[in-house]
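Asker: need the 3D shape of this:
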Amino acid sequence: MISQCNSHHQLRRALELVAEMRSRAVPLNVHTYSALLNVCLKANELDLSLDVYAQMLQEGCTPNLVTYNTLLDIYNKMGRWMDALNVLELLQHQNIKPEARTYNAIIQCCNTAGRYNEAVRVHKVMCAAGVEPNGATFNAALTSYARSGQLEAALSLFNLMAGRGYERGANTYAAVLSACELPGRWDLALELLQQMQLEGVRPSTACFTSAISACMHGGQPQHAEQLFERMCTFCKPDATTFNCLVCVYCRLGKHREAINMLEVMLRGGQHVDITTYDAAIDACWATGVVPLQKYALQLYDRAHQQGLFKVLMGEQVGPAGFVLDIQLPSGSPHIVLISLLHTLRDLREQYANLLVPQTVTKVLLTLGVQGRDATPLSTTLTSQLRALSSPFVAMPLPAFASAGAVAVEELQFAADSLLVAEWLRGSQVAVALGMLALDVGAMATPALRLTLAGRVVDGMVAAQEDAQRELKCRQALLSVHAFENGCHIDAQNIPQALLLQRSELVQLLLRSAPCLGIPTEVAHDSVQLLDRMLASGVAANVSGRLLAAACLHAISQQDINGTTLLAQLFQVPAQQLLVAVQQVRQLMGGNCVAISAMRVLRLFMERLGVESEDAASTRYVCGQALAILGRAAMHPAFIGCPPSVVAMAVLYACRTAAGLLPSWPAALLALTGYSEANDLLQPYVKAAMQLVLKL
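Answerer: Below is the predicted model of the structure:
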């Protein structure tokens, strides 16, 4: 009668029957207790079921296999995997031979608790005992081997299952596909999906998600994106799918799609894992676009509040006093960069408020790199610390690590505490820390500025603005290239005497712009026009000063008052200036148009989200590029160089010198097609770097 009480409502009846048995002095045997345990399990009264089991043992009633199987189901629901493993020892002690159901329950309990290696050991014990597995065994064991990274063993079970005639459903395939993820076996994942189709098995969300993840880890993000599109026709993606897809979009360089997907997750309250945060933050920061970098900082703060990317600080005893050991969180290069900046900000406040004990004589920055390529992380930290003129010095790697015997596990940088305190008070650190409070509102377009009123970046709005900005800048760059294709300047055609005078003329042109009230880029345009005139031979009958003034006049279209002022600035007769202007216009076919490197630099700055000209807005994007371009305009190495190449070289050199990472943003790489390693760019980058060092 007790075994027939199958619901929570009937649990009370089962307990009443037991009480009645006791009142009539009817002994409770193993069958009675096993039945009562089963009723408690079905009623989900798990704590009560354990009390029943304890009472059973206390009364000297020996459990049988049915009792233990029921107990294993209870342990499984409660996540008590160690107790489940102990049941095997109890069975062995009582000489009770476990059946397939027993092993299945223990394996499933270990799987549920994430103890896949223990589950694998149980399966091996089962095989050694000669117990015939059933379909449930195969599915549970497949999950164990797959999740413990034993792909070949999982495949062996998968094939054995088919050989013994067991049905392989969507859950079976999902288990094997999960084993394809970390090794990046995208080819096998696609093959398994194809095999599912041939066997008439409909792929589940878990199947597609694992296949997408395998493609991502295998360096095949295009296949991953195609799988997602196919997935949407079969089943509904879940949070795991979305996390994986954000990483896929980041790998493909589709940062806007990644942002939109991430925003859907955040607004829907879905779980965002650390890998997704890492990929999204890294991708947004890599663009170099200021509003997107602000969004990256916002994501970092959100993740930090959830306990991710924690920086750990602690003191330890060193040979010459206490050492302040700072553990930076491991992650992508830009996660490391942002973590470093946050650490410097906090450390700066601690030193300023005298919170760092005087007994601390040394500061140690430590970055764990287990499972990651140490080179980009080391480059990021080293270049940033060097750009800030920090006192930190990289600690030598152990001999066995530097010899390549094992992978490097951590990077360390050390500095004297007093030097660190002095350095943190300096202006270079203050400027760098300004990146953590990027004034996007001053840089953004009106629509985005309205969104930023609360200092919170709406990711979708920022992505939409970025798409519009990219389209606008791409169209403008096409005009630049069209101009460059029709304008070729050969520096060898410029007479030596004028070449020697050129630096003075360029300086005069650039200094005249404020006096005439014209933008700086217009003066730079006139320099470009001047070089064309000098190389054309027209300067043979015209003085250098007169020709330079005529070029500036033709570009800026000065009126009578402007002509008079321009003649005074260049110390040339006004009437001769007008004649020279006519000569320039005649030679140019009446179309005095020029596009200078300064104008292209402004275009690059616009692409990076800066539309303001104030120093605070530009220094986080281009460093001293605006000033360096003036020097580059006077330098003979840049004569005849396409304006876009000059702008790229100067911007890259100045970002590198200022420690602005990445030195060549992904947004500009996509816009120009040029990377910092481009052969055409290299000599001009070196020349620009020399100008930066001189400045």
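Asker: model confidence score at the residue most central in space within the chain, please.
Answerer: The chain has residue 282 as the residue nearest its centroid, 2.3 Å off, counting by Cα atoms, centre = their mean. According to the predicted model, the pLDDT of residue 282 comes to 96.
Asker: which residue comes closest to it once chain neighbours are left out?
Answerer: Counting by Cβ to Cβ, 6 or more residues apart in numbering, residue 332 is the residue found nearest to residue 282 once chain neighbours are left out, at 3.8 Å. Using the backbone N, CA and C atoms, a C-beta is placed for each residue, glycine as well.
Asker: tell me, how many neighbours does that neighbour end up with?
Answerer: 22 (other Cβ atoms under 10 Å).
Asker: quick revisit: in what helix or strand does the residue nearest to the centre of the chain lie?
Answerer: Residue 282 belongs to helix 274-287 when assigned by DSSP states H and E.
Asker: who does the next helix or strand after that helix touch, helix- and strand-wise?
Answerer: Downstream of helix 274-287, the first helix or strand assigned by DSSP H and E is helix 290-305. Under the contact criterion of 3 or more Cβ pairs under 8 Å, 6 or more residues apart in numbering; DSSP states H and E, helix 290-305 touches helix 255-267, helix 274-287, helix 333-352, helix 440-443, helix 459-485.
Asker: out of those, deepest packed?
Answerer: Stretch with highest mean neighbour count among those: helix 274-287 (a mean of 24; mean count of other Cβ atoms under 10 Å).
Asker: how about residues contacting it?
Answerer: Outside helix 274-287, the residues within contact range by Cβ atoms under 8 Å, 6 or more residues apart in numbering are 243, 246-247, 249-251, 253, 255, 258-259, 262, 265, 292-293, 295-296, 299-300, 302-303, 308-309, 331-335, 337-338, 466, 661-662, 665-667.
Asker: quick one: low-confidence parts of the stretch 301-450 of the chain?
Answerer: 370-371, 397-408, 438-450 (pLDDT under 70).
Asker: try it again with 90
Answerer: 314-321, 330, 354-359, 368-380, 383, 387-388, 395-411, 427-450 (pLDDT under 90).
Asker: strands along that one, start to end?
Answerer: Listed in chain order, the strands of the stretch 301-450 of the chain (DSSP state E, counting those that start in this stretch) span 312-318, 321-328, 360-368, 393-394, 410-416.
Asker: please work out which residues outside the longest one touch it.
Answerer: Residues from elsewhere that reach strand 360-368, judged by Cβ under 8 Å, 6+ apart: 315, 318, 320-328, 330, 336, 340, 343, 347, 377, 381, 392, 409-417, 420.
Asker: just the buried residues of those.
Answerer: Using 16 or more other Cβ atoms under 10 Å as the burial test, the contacts of strand 360-368 include 322-328, 330, 336, 340, 343, 347, 377, 381, 392, 410-411, 413-417, 420 as buried.
Asker: most distant residue from the middle of the chain?
Answerer: Furthest out from the centre of the chain (Cα atoms, centre = their mean) sits residue 24, at 71.8 Å.
Asker: can you tell me how far that one is from residue 103?
Answerer: Between residue 24 and residue 103 the computed distance is 39 Å (Cβ to Cβ, to the nearest Å).
Asker: try residue 487
Answerer: The value you get for residue 487 to residue 103, if Cβ to Cβ is used, is 80 Å.
Asker: those two: which is more packed in?
Answerer: The neighbour count for residue 487 versus residue 103, taken as other Cβ under 10 Å, is higher for residue 103 (26 against 17).
Asker: contacting residues around the closest residue to residue 346 other than its chain neighbours?
Answerer: Of all residues not flanking residue 346 in the chain, residue 311 sits nearest, at 7.5 Å (Cβ to Cβ, 6+ apart). Residue 311 makes contact with 326, 327, 328, 329, 339, 342, 343, 346, according to Cβ under 8 Å, 6+ apart.
Asker: as JSON lines, the residues you listed with distance to residue 211 would be great.
Answerer: Putting the contacts of residue 311 into JSON lines (distance: Cβ to Cβ, whole Å) gives the following:
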{"residue": "326", "distance to residue 211": "41"}
{"residue": "327", "distance to residue 211": "36"}
{"residue": "328", "distance to residue 211": "34"}
{"residue": "329", "distance to residue 211": "30"}
{"residue": "339", "distance to residue 211": "33"}
{"residue": "342", "distance to residue 211": "37"}
{"residue": "343", "distance to residue 211": "39"}
{"residue": "346", "distance to residue 211": "42"}
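Asker: burial measure for the residue nearest to residue 562 when sequence neighbours are not counted, as a count.
Answerer: Leaving aside its chain neighbours, residue 562 sits nearest to residue 516 (6.2 Å; criterion: Cβ to Cβ, 6+ apart). Applying other Cβ under 10 Å, we find 17 residues neighbouring residue 516.
Asker: quick check: residue 516 vs residue 633, distance?
Answerer: As judged by Cβ to Cβ, residue 516 and residue 633 stand 17 Å apart.
Asker: same deal with residue 473?
Answerer: 22 Å.
Asker: got it, and residue 204?
Answerer: Taking Cβ to Cβ, one finds residue 204 at 63 Å from residue 633.
Asker: and residue 619, by the same measure?
Answerer: Residue 619 is 20 Å from residue 633, where distance means Cβ to Cβ.
Asker: again with residue 394
Answerer: Between residue 394 and residue 633 the computed distance is 38 Å (Cβ to Cβ).
Asker: likewise residue 318?
Answerer: Separation of residue 318 from residue 633 (Cβ to Cβ): 53 Å.
Asker: convert the C-alpha atoms of stretch 192-212 to PDB, please.
Answerer: Output of stretch 192-212 as PDB, limited to C-alpha atoms (Å, rounded to 0.1, in the frame of the first residue of the first chain):
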ATOM      1  CA  LEU A 192      28.000  15.400 -37.200                       C
ATOM      2  CA  LEU A 193      25.300  17.900 -38.100                       C
ATOM      3  CA  GLN A 194      25.200  16.400 -41.600                       C
ATOM      4  CA  GLN A 195      24.900  12.900 -40.200                       C
ATOM      5  CA  MET A 196      22.000  14.000 -38.000                       C
ATOM      6  CA  GLN A 197      20.200  15.200 -41.100                       C
ATOM      7  CA  LEU A 198      20.800  11.800 -42.800                       C
ATOM      8  CA  GLU A 199      19.500   9.900 -39.800                       C
ATOM      9  CA  GLY A 200      16.400  12.200 -39.500                       C
ATOM     10  CA  VAL A 201      17.400  13.600 -36.100                       C
ATOM     11  CA  ARG A 202      16.400  17.300 -35.700                       C
ATOM     12  CA  PRO A 203      19.300  19.300 -34.200                       C
ATOM     13  CA  SER A 204      18.600  21.000 -30.900                       C
ATOM     14  CA  THR A 205      19.700  24.300 -29.600                       C
ATOM     15  CA  ALA A 206      22.600  22.600 -27.800                       C
ATOM     16  CA  CYS A 207      23.700  20.900 -31.000                       C
ATOM     17  CA  PHE A 208      23.900  24.100 -33.000                       C
ATOM     18  CA  THR A 209      25.500  26.000 -30.100                       C
ATOM     19  CA  SER A 210      28.300  23.500 -29.700                       C
ATOM     20  CA  ALA A 211      28.900  23.400 -33.500                       C
ATOM     21  CA  ILE A 212      29.100  27.200 -33.500                       C
END
